[in-house]
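Engineer: Sequence first, then the predicted structure:
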Amino acid sequence: MNRQWINRIRWLVAFGLIVGCGAFTPKRASGANDGEAQPASDTGGPLQLLLRDTPKPNYGLPVPKQITGRVTLESKGKSAGVEGVSVTDGYSVVKTDAEGHYTLTPDPSAVFIYITRPAGYDVTGEWYKPVVTEVDFSLQAAVDDENEYTFVHVTDTHVMDDPVSKQGLSRFVKELNALTPQPRFVVNSGDLINLSKSLTSSPATAHKQLSSYVGIMNHLTMPHYNVAGDHTDSSYRIAEFPRGDHRCGKPLFWEYLGPHFFSFEYGKIHFVSVDSGYHLGKRQILVGGKSREYPTNKVQPMHTAWMREDMAGRTKGTFLVTTSEVDLCHVCPGFAEMARQYDVRLQLVGDIHVLTQKLVSHQWDSVPYQAGGFAPYRTGGALAGCWWNPKCKQLCPDLNPQGYLIYDVRGEEMEYFYKGLGQRVAIVSHRIGAPWRGRVVVRAHLVQPKAQETLQYTLDGNDWQEMKETGRPFYRAVFEATVDSTSLPDGLVELQVRSSLDEETRSREFVVVNGSGPAAFETDALLTFSTAAALQHPPAAPAGKVDVLVNDEVVGALSAGALQDYSFLVPAAGLRKVNTLGFRFHETGDGMYISSAVLTFQDKPFRDPRDEAIKEVRVGHWGTAAADWGGFFVGDGDWIETTFVRKQDTFCYILSAASLSRLGSGQQARGGIK
């Protein structure tokens, strides 16, 4: 295996080792929740809009047949040409010569001429300008070391007229400006605002929303780079750029933010920003009884050609990170081959409002990279969460708080963590509803800890104990505590973690399952689920036989390759106060999708606590019709979490006190089980 692949594997493994550091702040199955209990305390209101005059396209003027110019370095009053700088019109890329000169033949569709920021330099003045016959650019040496730095990946800001969104974006800007050290830049991977995907929002609405977004983000003390996303495209100037024109929907973005395909370099990374949405008039969707034209999410040939030229022209020794609304392997023809050829190590994406990632899928040295069908990616949650719907309790569909990712770069090594908006304290071990058995180590982190500040925890709400600090990675202190769950009764336990100084508190419920003896149940239960009904996601049956285990006892089996509904009797003698559901696969590496599994006891349905919490937030987002959307994937295989599907192998069912009090009543469970 060559050195490039060894380095790629080493880099991806490093990413995999830090997955557990992402902060998860879930909705509790009942009562208050850590995402809702303590919203950010900033009450200063939205920032005043700070708008700047930006370069605009020369609408209506013919594109010149040739453009020339020079890129110079300004230093101590002297000017010298800079060799090897990429200059582009968004369709082709040229390099400056030894004196900094370039000549470019622009595409007739071009609206800007711009450069790729070279690592170690800052652009003085504008980095993009309207097309004219002569365009010059100026650089100066960067002040900061680019071998070690931090940057922020935010996505799905969905700024709109609702003041909650403006307040939230303002809070985000204030948080970043207060970080020490300062992040060097911010990348937003899409859906900056909240316009109709079918371009039915008025130009006035679009102007208002985008000016709000840009006017607030301009308060950042670092640059911000943006992908449009399909909720940012506008009907502004649609007469000049109608459906069918690959530029349709983009003029407002140009006027506020510049080119929608661009790149820049920082340290060892060549960042490429890709907009995958086009309004070609080819995709019709029935909405409210009316046929609406929706974006064609496929990068068009003129832009895939630009991507190849840009990637090929990156500075020697740099690797690639892309930013886009969605995984480019699904929307950009040939991207997997580009990723292999040009060393794309990560895609920063958004759109689905969850925190998930896909880093590896095959043995790198035995399967060609193209066969994997992807380049590694990570979605960044959503800053919006769901601004527009308070029923969602400031949570994303995967129970993460609304928030963003912060990356630390050291040469070719990268680490990250997810920060909840307005939250310094986060529980970072164990998902909501995870089973606790025996001695359990719980971990939490504290962002930008103050002098003498620690974290404390309690399991009863009264007895607060100190957690032990175990490390100080970038921006935060990590704490842990060991809990002996055998001292706790089986059932739900609430862990609370708080700051010792300002008492910011996060809480999460877990399930103690220490296998206490069977209760004296006299009524059987019925377990039901489906391998065919994971709505909003293609079903996937197991490849081989699968045993169904309730409390580690086999209650039935699933058939290989079968997509069907299943029902299994769980005998009363095998029931406990806390019951676990698991699966034993007979084929190595096997896995499957299942719908929500329900344990029905005495005519009452019981769900896993995490499943119940996700359902509540999902209904808040999409209404009651979404109650049974999605499900879980179980086992091994090439699975990723999505908006509607979670990864989980063990499910817990806590029979309520009310049900226990009716034991011996002789009632039958659903389906006539006795």
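Structural biologist: Received the coordinates, thanks. Numbers count the residues shown, from 1 in each chain.
Engineer: going forward, measure contacts and count neighbours with C-alpha atoms only.
Structural biologist: OK.
Engineer: What does residue 105 show for phi and psi?
Structural biologist: Residue 105 adopts backbone torsions of phi -100, psi 110, taken as degrees, to the nearest 10.
Engineer: Could I get the contacting residues of residue 653?
Structural biologist: For residue 653, the contacting residues are 578, 579, 580, 599, 606, 607, 608, 609, by Cα atoms under 8 Å, 6 or more residues apart in numbering.
Engineer: Give me the neighbour count for the nearest residue to residue 128 once chain neighbours are set aside.
Structural biologist: Take residue 128 and drop its neighbours on the chain: the residue closest to it by Cα to Cα, 6 or more residues apart in numbering is residue 114, 4.1 Å away. Per other Cα atoms under 10 Å, the neighbour tally for residue 114 reads 24.
Engineer: residue contacts, residue 648?
Structural biologist: With contact taken as Cα under 8 Å, 6+ apart, residue 648 is in contact with 632, 633, 634.
Engineer: so how far is residue 596 from residue 396?
Structural biologist: Summarising the geometry, the distance separating residue 396 from residue 596, computed by Cα to Cα, to the nearest Å, is 19 Å.
Engineer: go on, residue 90?
Structural biologist: 47 Å.
Engineer: and if you look at residue 483?
Structural biologist: When Cα to Cα is applied, the distance between residue 483 and residue 596 equals 30 Å.
Engineer: Which one of those two is surrounded by more residues?
Structural biologist: residue 596 (24 against 16).
Engineer: Tell me the pLDDT of the nearest residue to the more buried one once chain neighbours are set aside.
Structural biologist: Spatially, and ignoring its direct neighbours in sequence, residue 596 is nearest to residue 631 (5.3 Å; Cα to Cα, 6+ apart). Model confidence at residue 631, given as pLDDT, is 92.
Engineer: Residue 631 touches residue 594, doesn't it?
Structural biologist: Yes - contact between residue 631 and residue 594 holds when scored by Cα atoms under 8 Å: they sit 5.8 Å apart.
Engineer: of the two, who's got more company?
Structural biologist: The residue with the greater number of neighbours, taking residue 631 and residue 594 and applying other Cα under 10 Å, is residue 631; the counts read 28 against 25.
Engineer: what is the more buried one paired to in the beta sheet?
Structural biologist: According to DSSP bridges, the partner residues bridging residue 631 are residue 645.
Engineer: who's in contact with residue 147?
Structural biologist: Listed by Cα under 8 Å, 6+ apart, the contact partners of residue 147 are 267, 268, 409, 410, 411.
Engineer: again, only using 7 Å
Structural biologist: Residues in contact with residue 147 (Cα atoms under 7 Å, 6 or more residues apart in numbering) are 267, 410, 411.
Engineer: How about residue 235, nearest residue that isn't a chain neighbour?
Structural biologist: Of all residues beyond its chain neighbours, the one nearest residue 235 is residue 199 (5.2 Å), with distances taken as Cα to Cα, 6+ apart.
Engineer: ok, that neighbour to residue 300 distance?
Structural biologist: Distance of residue 199 to residue 300, given as Cα to Cα: 20 Å.
Engineer: Of the two, give the one with the bigger neighbour count.
Structural biologist: residue 199 (25 against 16).
Engineer: just the helices in the stretch 551-674 of the chain please.
Structural biologist: 609-622, 657-661 (DSSP state H, counting those that start in this stretch).
Engineer: Need these in JSON lines (columns: mean neighbour count, mean pLDDT and distance to residue 252).
Structural biologist: Below are the helices of the stretch 551-674 of the chain laid out as JSON lines (neighbours: other Cα atoms under 10 Å; pLDDT from 0 to 100; distance: least, Cα to Cα, whole Å):
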{"stretch": "helix 609-622", "mean neighbour count": "22", "mean pLDDT": "93", "distance to residue 252": "29"}
{"stretch": "helix 657-661", "mean neighbour count": "11", "mean pLDDT": "49", "distance to residue 252": "59"}
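Engineer: looking at these, which is closest to residue 519?
Structural biologist: With Cα to Cα, the closest approach to residue 519 among the helices of the stretch 551-674 of the chain belongs to helix 657-661: 8.9 Å.
Engineer: In the stretch 51-200 of the chain, what residue spans correspond to helices?
Structural biologist: In the stretch 51-200 of the chain, helices defined by DSSP H, counting those that start in this stretch lie at 163-178, listed in chain order.
Engineer: so which of the contacts of residue 147 is the most crowded?
Structural biologist: Highest count within the contacts of residue 147 by other Cα under 10 Å belongs to residue 267, 20 neighbours.
Engineer: got a list of what that one touches?
Structural biologist: In this structure, residue 267 makes contact with 119, 146, 147, judged by Cα under 7 Å, 6+ apart.
Engineer: and if we set it to 10 Å?
Structural biologist: The neighbourhood of residue 267, defined by Cα atoms under 10 Å, 6 or more residues apart in numbering, consists of 118-120, 145-149, 317-319, 409-412.
Engineer: pLDDT weak spots in the stretch 1-150 of the chain?
Structural biologist: Within the stretch 1-150 of the chain, the set of residues satisfying pLDDT under 70 comprises 1-43.
Engineer: For it, which segments count as strands?
Structural biologist: Listed in chain order, the strands found in the stretch 1-150 of the chain under DSSP state E, counting those that start in this stretch are 67-75, 78-81, 86-88, 93-95, 101-104, 112-115, 121-124, 128-130, 137-141, 148-154.
Engineer: Format those as a markdown table; extra columns: distance to residue 166.
Structural biologist: Listed next are the strands of the stretch 1-150 of the chain as a markdown table, based on distance: least, Cα to Cα, whole Å:
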| stretch | distance to residue 166 |
| --- | --- |
| strand 67-75 | 38 |
| strand 78-81 | 42 |
| strand 86-88 | 34 |
| strand 93-95 | 37 |
| strand 101-104 | 41 |
| strand 112-115 | 30 |
| strand 121-124 | 29 |
| strand 128-130 | 28 |
| strand 137-141 | 34 |
| strand 148-154 | 15 |
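Engineer: Of the ones you listed, which is nearest residue 208?
Structural biologist: Using Cα to Cα as the measure, strand 148-154 is the one of these that comes nearest residue 208, at 21.1 Å.
Engineer: Give the pairing partners of the closest one; include direction for each.
Structural biologist: Paired strands of strand 148-154, with direction, are strand 186-188 (parallel), strand 403-410 (antiparallel) (DSSP bridges).
Engineer: buried ones in that strand?
Structural biologist: Along strand 148-154, these residues count as buried under the neighbour rule (16 or more other Cα atoms under 10 Å): 149, 150, 151, 152, 153, 154.
Engineer: same deal with stretch 231-247?
Structural biologist: Applying a neighbour-count criterion of 16+ other Cα under 10 Å, one finds 231, 232, 233, 234, 235, 236, 238, 241, 242, 243, 246, 247 buried in stretch 231-247.
Engineer: before we move on, the earlier item: is it possible to get TSV of the helices of the stretch 551-674 of the chain that adds distance to residue 585?
Structural biologist: Formatted as TSV, the entries for those read as follows, by distance: least, Cα to Cα, whole Å:
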stretch	distance to residue 585
helix 609-622	22
helix 657-661	32
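Engineer: which one of those lies closest to residue 387?
Structural biologist: So among the helices of the stretch 551-674 of the chain, helix 609-622 is nearest, using Cα to Cα, at 10.1 Å.
Engineer: can you give me the helices in the stretch 351-500 of the chain?
Structural biologist: In the stretch 351-500 of the chain, the helices defined using DSSP H, counting those that start in this stretch lie at 369-372.
Engineer: Spatially, which residue comes closest to residue 610, not counting chain neighbours?
Structural biologist: Nearest non-adjacent residue to residue 610, counting by Cα to Cα, 6+ apart: residue 433, 5.2 Å away.
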